[in-house]
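Enquirer: Here is the input, now give the coordinates:
(one chain, ligands or ions: 2)
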Amino acid sequence: MIPKMNFHTHTTFCDGKNTPEEMVLSAIQKGFKALGFSGHSYTHFDESYCMSKDGVKEYQKEIQRLKEAYAPQIAVYCGVEQDFYSQEAISDFAYAIGSVHYIKKGEKLLPVDEKADIMDRDIRELFGGDPYAYAKVYFETVAEVLKKTGADIIGHFDLLSKFNERQTFFNTENKRYCDYGIGAIEALIPYGKPFEINTGAIYRGFRSQAYPSINFLKEIKKRGGKILLSSDSHDCNSLGFCFEDMVKLAIEIGFQSTLIWTTNGFEEVGLKNSVF
Ligand SMILES: [Zn+2]
Ligand SMILES: [Zn+2]
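Expert: Ligands and ions are numbered 1, 2, ... in the order given. Down below sits the predicted model:
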């Protein structure tokens, strides 16, 4: 049985709406046993959403304070969400989530999840109108995310589907789309690190499925991949959002366990009888 917890949590130190302390208090109120913070790593080419260089130190100090202050009630971890193109070190953090938020075309870094209009323009102007050429670069980047970042967790595997609820950009049954995605899965599986089941886009109303999609989750399962539940929370209310449904889904797909983060690193826990 999995205790209530979440390891993908943003705060006012990056693009979250609540302070770390508000998040901790909310997690305690919800009966969480652990809360892991994952502030966005600094990216010099886009400072709009990430922690600032000085902010990172303040963030670490504040999380350490909360960890000590609330130690009897909840385990608090200071992690980081490391962007593929971030040049910062991850060694000062308990764990890192490796995430691709930009793809590179020539010298340009294109944001994947910022706006549908931006994706539309980039596909037209830089990929000759071929969405699958865009998907290829995206998944080729994801395939390298653990090698590049040294992260412990694979963040929102198919983030490029954020604006694709109505199949506007990609037909997710298209062979090229599936093959590129499976290529990335096969490149990542040997690391033995978990893929998040990330419910952030469901909470924010963009998607009806988590990242990765059910189809990709099946491919991950088939190849012996591991999972970890995450709500990619940017406010208190979303902590643990939809986890109950995700446990059911994971069991349906055939997963028997999930990983959780502990002071000793990952621990594997059974999915059966989990209550959220
Ligand atoms: Zn992210
Ligand atoms: Zn995030």
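Enquirer: tell me the secondary structure for L229?
Expert: Under the three-state scheme (DSSP: H, G, I helix; E, B strand; the rest coil), L229 adopts strand.
Enquirer: Tell me the pLDDT of the residue in the stretch 151-276 of the chain that ligand 2 sits nearest to.
Expert: At 4.4 Å from ligand 2, D232 is the closest residue in the stretch 151-276 of the chain, using C-beta to the ion. C-betas here are computed from N, CA, C, even on glycine. D232 carries a pLDDT score of 98 in this model.
Enquirer: what's the burial count for it?
Expert: By the measure other C-beta atoms under 10 Å, the count of residues near D232 is 27.
Enquirer: One more: G150?
Expert: By other C-beta under 10 Å, neighbour count at G150 equals 13.
Enquirer: circling back to that earlier point, go ahead and confirm the residue of the stretch 151-276 of the chain closest to ligand 2 touches H156.
Expert: Yes. Using C-beta atoms under 8 Å, D232 is in contact with H156, at 6.8 Å.
Enquirer: And the strands in the stretch 101-250 of the chain, which stretches?
Expert: 102-105, 108-111, 153-154, 194-198, 226-230 (DSSP state E, counting those that start in this stretch).
Enquirer: Tell me which of those lies nearest to A96.
Expert: A96 lies closest to strand 153-154 among those, at 7.3 Å (C-beta to C-beta).
Enquirer: Not counting its own residues, what contacts that closest one?
Expert: Applying C-beta atoms under 8 Å, 6 or more residues apart in numbering, the set of residues contacting strand 153-154 from outside is 7-8, 95-98, 142, 145-146, 188, 193-196, 228, 230.
Enquirer: so E22, which of the three states?
Expert: E22 ends up helix, using three-state DSSP.
Enquirer: Quick one: residues contacting the closest residue to it other than its chain neighbours.
Expert: Excluding the flanking residues, the one nearest E22 by C-beta to C-beta, 6 or more residues apart in numbering is C236, at 5.8 Å. C236 makes contact with 18, 22-23, 26, according to C-beta under 8 Å, 6+ apart.
Enquirer: hang on, isn't A133 packed against F127?
Expert: Yes. Counting by C-beta under 8 Å, A133 touches F127, with 4.3 Å between them.
Enquirer: Can you work out which residues contact both of D232 and H156?
Expert: Counting by C-beta under 8 Å, 6+ apart, the contacts common to D232 and H156 are 196, 198, 200-201.
Enquirer: Kindly present the residues you listed as TSV, with separate columns for pLDDT, distance to G150 and neighbour count.
Expert: Converted to TSV, the shared contacts of D232 and H156 look like this (pLDDT from 0 to 100; distance: C-beta to C-beta, whole Å; neighbours: other C-beta atoms under 10 Å):
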residue	pLDDT	distance to G150	neighbour count
E196	98	17	25
N198	98	20	28
G200	98	23	26
A201	98	26	21
